[in-house]
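Visitor: Quick one, fold the following:
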Amino acid sequence: MERVSTGIEELDRKLIGGYPVNKVTLITGMAGSGKTIFGIHFIYKNCLEGRKCMIIATEETPEDILYQAGLLGHDLKPYYESGQLIIENVFENRSEIVGQTRYGFKPENLDIEIPGLIELVSEGIECLLIDNLGTFVLHVSTKKLKDQFDALNYLVRKKAVLLF
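Guide: This next block holds a predicted model:
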């Protein structure tokens, strides 16, 4: 099976070369467990290798992501400024929706399907990071979540995108 580097040498060795190509890789964990850090390493490595990359950010602004990457020693700004890295800012759109509800946060008002996110993927993207999907599963049944992941897997493979 073809693999793509995680961006972390030790992890690549443990995973026999990295993440499987054209498969959705789901990293789970509590808030603050390092999911975004894994994603930054992955995106940085793929930018270094010349791939056109995209981050769909659901909880942070592009500036926050670029700042965090810099703290890790991974300067993503040149790739972002050149257009090799696109950061789709779903965070602000989601925040506006929440802010417009009369009584504060209501997960049922966040009516965004996971496969619908694939529509945000620009043409020519070779590597995609969605950070983080938890935002979209607050009020979703286990069956619907599985169906949505299956659809996301299918659409990612159809577009030939590496998804983290």
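Visitor: Only C-alpha atoms from now on, for both contacts and neighbour counts.
Guide: OK.
Visitor: burial count for Ile8?
Guide: 13 (other CA atoms under 10 Å).
Visitor: Tell me, how many residues neighbour the residue lying closest to it once chain neighbours are set aside?
Guide: Spatial nearest neighbour of Ile8, chain neighbours left out: His41 (6.7 Å); criterion: CA to CA, 6 or more residues apart in numbering. Look at His41: counted by other CA under 10 Å, it has 19 neighbours.
Visitor: what helices or strands is the helix or strand hosting Met54 leaning on?
Guide: Using DSSP states H and E, Met54 sits within strand 53-57. Applying 3 or more CA pairs under 8 Å, 6 or more residues apart in numbering; DSSP states H and E, one finds that strand 53-57 contacts helix 35-48, strand 85-89, helix 90-99, strand 127-131.
Visitor: Go through the ones you listed and name the closest to Lys23.
Guide: Shortest distance between Lys23 and these, using CA to CA, is found for strand 127-131: 11.2 Å.
Visitor: Could you list the buried residues of the closest one?
Guide: For strand 127-131, burial by neighbour count (16 or more other CA atoms under 10 Å) applies to 127-131.
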